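Chemist: Give me a model of this one.
(2 chains)
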2 protein chains.
Amino acid sequence: MFNRSCLILAAAALLSGAVQAQRPGDVAPIVSPEVHADRRVTLRLLAPKAAEVSVAGELTQGRQAMTKDEKGLWSITVGPLDPEIYTYTFTIDGVTVPDPNNPYLKTGVRGTSSQVEVPGDRPLYYDPRPVPRGVVHVHWYESKSLGALRSVYVYTPPGYESGKSRYPVLYLLHGAGDTESGWVTVGRANVILDNLIAEGKARPMVVVMPFGHTQPSVGLGSTAPANPDRSLFTKDLLEDVMPLVERLYRVSNQPDQRAIAGLSMGGGQALNIGLTRLDAFGWIGAFSSALMRMEPEKTFADLLADPAASNKKLHLLWIACGKQDNLFEANQRFSELLNKREIKHTFLATEGAHQWRVWRRYLNEFAPLLFAARPAP
Amino acid sequence: MFNRSCLILAAAALLSGAVQAQRPGDVAPIVSPEVHADRRVTLRLLAPKAAEVSVAGELTQGRQAMTKDEKGLWSITVGPLDPEIYTYTFTIDGVTVPDPNNPYLKTGVRGTSSQVEVPGDRPLYYDPRPVPRGVVHVHWYESKSLGALRSVYVYTPPGYESGKSRYPVLYLLHGAGDTESGWVTVGRANVILDNLIAEGKARPMVVVMPFGHTQPSVGLGSTAPANPDRSLFTKDLLEDVMPLVERLYRVSNQPDQRAIAGLSMGGGQALNIGLTRLDAFGWIGAFSSALMRMEPEKTFADLLADPAASNKKLHLLWIACGKQDNLFEANQRFSELLNKREIKHTFLATEGAHQWRVWRRYLNEFAPLLFAARPAP
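Modeler: Below is the predicted model:
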């Protein structure tokens, strides 16, 4: 793990104004997380005065207590675990925080957690390989729709810079616990696409990752509250983000070359936007979507009214949800409605709960299906 | 501040797998930081079981104790403060962590802190204004020099996409407490450049921000320790980063169109690299540089040997340090050596300590000096 014992580095850190992580009077650095060769993970926290420290998140099955040694070092070893990327947080006497010794973070608008990767014997689909890599671009823009300064992440595939042609484009939406950086820093969408493209499994495409909450993006000063009218995200996407992307990138504006997909809150948004705008989006993906407050018969009245016309426009409607997800039943009911009303779609009932390990996998399965030549009807 | 009271959002967060910030049994969200109209800042933390909570960082003069109310809510109000961006951390019974209710973070390889902006009456030089904006690009690359996967941030100025010409390029290095994202997420280099360019004060330029530590970048799995040979950063910059940038961007490879600058550790690196490679870099900036372990007479023997030749190549050598910085004397001594050996340079003794508020200002003063037409000798 991170070698923090180098004295030169430590001296430089003191001089750099760096905020020192916890090591009051302690010379030895705290190594946390430590991933063992047998795929167990040890977490550590120096907190001599704490009465109770626990860990929770994707790394553990429920909340687990950590134990304290005579020096006040709390620790827990979990696993062996499946090769995967996991989130976790510590709760120290009731206060939930990320692991202060782990720089690998998952940030959100309402909370930060830590991440740890348990590697497999060889690189997995989300691990970087020696293949050509795309680029992630961060744009700040004044959203006229929301009256807020926001940022959008754009992935361009390998070779984009030197090419001339237009690319198909996937608009990829995050969940309520994330921000516009989530599909990159947690979801590894860029690495997954690099790998799929290198293997010839997915068409080179541009992926646009906007901010799904209706407030300014974190980072440039404004901390205005979210606009309570959540539907303004649709306006922001269609009237601010998409024109920006189409002005600056060689992306298609044709529905058969445009997809929209998302997870959880973003899955609900992808359905809401995509299924009411088949003139704009021909490919739709809904991962573990938040559908509870949706009235599909009303929201999608146009879609349902003329199934033949809808099916003609809809190249792919791909709905997936984990069977251990609280949202599973709502997704299943939605698929049943679509079946009853003869709207063509794929419904995948997979293993898994409401977790990122599921969504990375969904992207890896969904992206290869996009923008393929349409089979003759 | 962030409106976290919206019930719909809270429900969505529960469903999204978001890690919930601390609010055990508490309905009211914790608002922290809260910036008041009179430029005071209130910080809050719910920690009923904690015996001692304090705050430290750029926000406060030294460490300050917070006080607890009957519900276990700790708080402190500081200021009024100068309009500025400040870092801070909480120490809860000896454990130092970022503010769990504030999503605006400063990340580093060894510790994360929180940030808060105290706004001025009107936008300051680092605040976004309604001007054309550049773009920040994130590239991952396999550093052959270090045998590690690393990332580099690249700023392109407004209009870069639609232009054809080559741009001058500034290689901008972070301090030991930061990563390659630091000059953007803490330093706001992109916003400062956007503003300077909009006012006609700086030439449009590409700014390249590499990772200055000799280890893999945080984020894609590998947590290999730093290579103890720190000089390999130079090799990484010259043989990995610069060829990548020159392949993908329209940047100049001429020394009179190339600058290198950095802060603290990065200032030392900029001097070390720039002053020994005047064939590559004609413009050099050193902000509050870490020089303590340097032996300038030996390191810069070639530079010092022929001042006339060196001065001819050196378009600008700009050295600045705050008088309240522990590194001030070392920087002053270095300037005296340069004076004695007749190496032309600027030495600025400014107000300020070893803090980001100084480095943002230095960038704002340094960038306008770059790539100007050279006065006749």
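
Chemist: mind listing the strands for the stretch 251-377 of chain A?
Modeler: Remark: strands assigned in the stretch 251-377 of chain A by DSSP state E, counting those that start in this stretch are A:258-263, A:283-287, A:316-322, A:346-350.

Chemist: So for the longest helix along chain A, what gets flagged as buried?
Modeler: Counting by DSSP state H, the longest helix found in chain A is helix A:328-340. Across helix A:328-340, burial judged by 16 or more other C-beta atoms under 10 Å in any protein chain shown covers A:Phe328, A:Ala330, A:Asn331, A:Phe334, A:Ser335, A:Leu338. (C-beta placed from N, C-alpha, C; glycine too.)

Chemist: which residues does A:Pro123 contact?
Modeler: Contacts of A:Pro123 were listed using C-beta atoms under 8 Å, 6 or more residues apart in numbering or on different chains, and they are A:Arg129.

Chemist: Correction: the previous question concerned A:Leu317.
Modeler: A:Leu317 makes contacts with A:Leu275, A:Ile284, A:Ala286, A:Leu338, A:Ile343, A:Lys344, A:His345, A:Thr346, as judged by C-beta under 8 Å, 6+ apart.

Chemist: wait, which of these is closest to chain B?
Modeler: Among the contacts of A:Leu317, A:Ala286 lies closest to chain B (C-beta to the nearest C-beta), at 14.0 Å.

Chemist: Looks like that closest one contacts A:Ile260 (just checking).
Modeler: No: A:Ala286 is beyond contact range of A:Ile260, at 9.5 Å (criterion: C-beta atoms under 8 Å).

Chemist: quick revisit: can you add distance to A:Ser75 and mean pLDDT and give the strands of the stretch 251-377 of chain A back as a markdown table?
Modeler: Converted to a markdown table, these look like this (distance: least, C-beta to C-beta, whole Å; pLDDT from 0 to 100):
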| stretch | distance to A:Ser75 | mean pLDDT |
| --- | --- | --- |
| strand A:258-263 | 33 | 98 |
| strand A:283-287 | 35 | 98 |
| strand A:316-322 | 31 | 98 |
| strand A:346-350 | 34 | 98 |
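
Chemist: what are the phi and psi angles of the residue in the stretch 201-350 of chain A that chain B sits nearest to?
Modeler: Closest contact between the stretch 201-350 of chain A and chain B, by C-beta to the nearest C-beta, is at A:Pro225 (2.9 Å). The phi/psi pair for A:Pro225 (degrees, to the nearest 10) reads phi -70, psi 160.

Chemist: you'd agree it is up against A:Gln215?
Modeler: Yes: in this structure A:Pro225 lies within contact range of A:Gln215 using C-beta under 8 Å: 6.3 Å.

Chemist: So what are the structural domains in chain A, by residue number?
Modeler: A:32-118, A:135-369 (automatic domain parsing).

Chemist: Any chance of a markdown table for the ones you listed, columns distance to B:Gly177?
Modeler: Listed next are the domains of chain A as a markdown table, based on distance: least, C-beta to C-beta, whole Å:
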| stretch | distance to B:Gly177 |
| --- | --- |
| domain A:32-118 | 11 |
| domain A:135-369 | 18 |
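
Chemist: so which of the ones you listed comes closest to B:Val109?
Modeler: Each of the domains of chain A has some distance to B:Val109 by C-beta to C-beta; the shortest is domain A:32-118, at 5.3 Å.

Chemist: any idea of the mean pLDDT in that closest one?
Modeler: Averaged over domain A:32-118, pLDDT sits at 95.

Chemist: how about the residues of the stretch 201-350 of chain A that lie near chain B?
Modeler: Contact residues, the stretch 201-350 of chain A versus chain B (C-beta under 8 Å from any C-beta of the partner chain): A:213, A:215, A:218-221, A:223, A:225-226, A:228, A:230, A:248, A:264-265, A:290, A:292-293, A:326-327.

Chemist: Pull out the buried residues from the residues you listed.
Modeler: Those of these that meet the buried threshold are A:213, A:215, A:218-221, A:223, A:226, A:230, A:264-265, A:290, A:327, by 16+ other C-beta under 10 Å.

Chemist: min pLDDT across those residues, which one?
Modeler: Among these, A:Gly221 has the lowest pLDDT, at 77.

Chemist: any idea which element it lies in?
Modeler: Using DSSP states H and E, A:Gly221 falls within no helix or strand.

Chemist: How about the contacts made by it?
Modeler: Contact partners of A:Gly221, counting by C-beta under 8 Å, 6+ apart, are A:Leu149, B:Glu117, B:Pro119, B:Asp127, B:Pro128.

Chemist: residue nearest the centroid of chain A?
Modeler: The geometric centre of chain A, computed from its C-alpha atoms, lies nearest to A:Trp183 (C-alpha atoms, centre = their mean), at 3.3 Å.

Chemist: Not counting sequence-adjacent ones, nearest residue to that residue?
Modeler: Counting by C-beta to C-beta, 6 or more residues apart in numbering or on different chains, A:Trp183 lies nearest to A:Ala189, which is 4.3 Å off, once chain neighbours are set aside.

Chemist: Might one say that the one you found is in contact with A:Val207?
Modeler: Yes: with contacts counted by C-beta under 8 Å, A:Ala189 reaches A:Val207, the gap being 5.9 Å.

Chemist: shared neighbours, these two?
Modeler: Residues touching both A:Ala189 and A:Val207 (C-beta under 8 Å, 6+ apart): A:Tyr155, A:Leu172, A:Trp183.

Chemist: Just the ones of those in strands?
Modeler: Counting by DSSP state E, these place A:Tyr155, A:Leu172 in strands.

Chemist: of all the shared contacts of A:Ala189 and A:Val207, which comes closest to A:Glu199?
Modeler: A:Tyr155 (16.9 Å).

Chemist: burial measure for the residue in the stretch 51-200 of chain A that chain B sits nearest to, as a count.
Modeler: Residue of the stretch 51-200 of chain A nearest chain B, by C-beta to the nearest C-beta: A:Gly177 (2.6 Å). Per other C-beta atoms under 10 Å in any protein chain shown, the neighbour tally for A:Gly177 reads 29.
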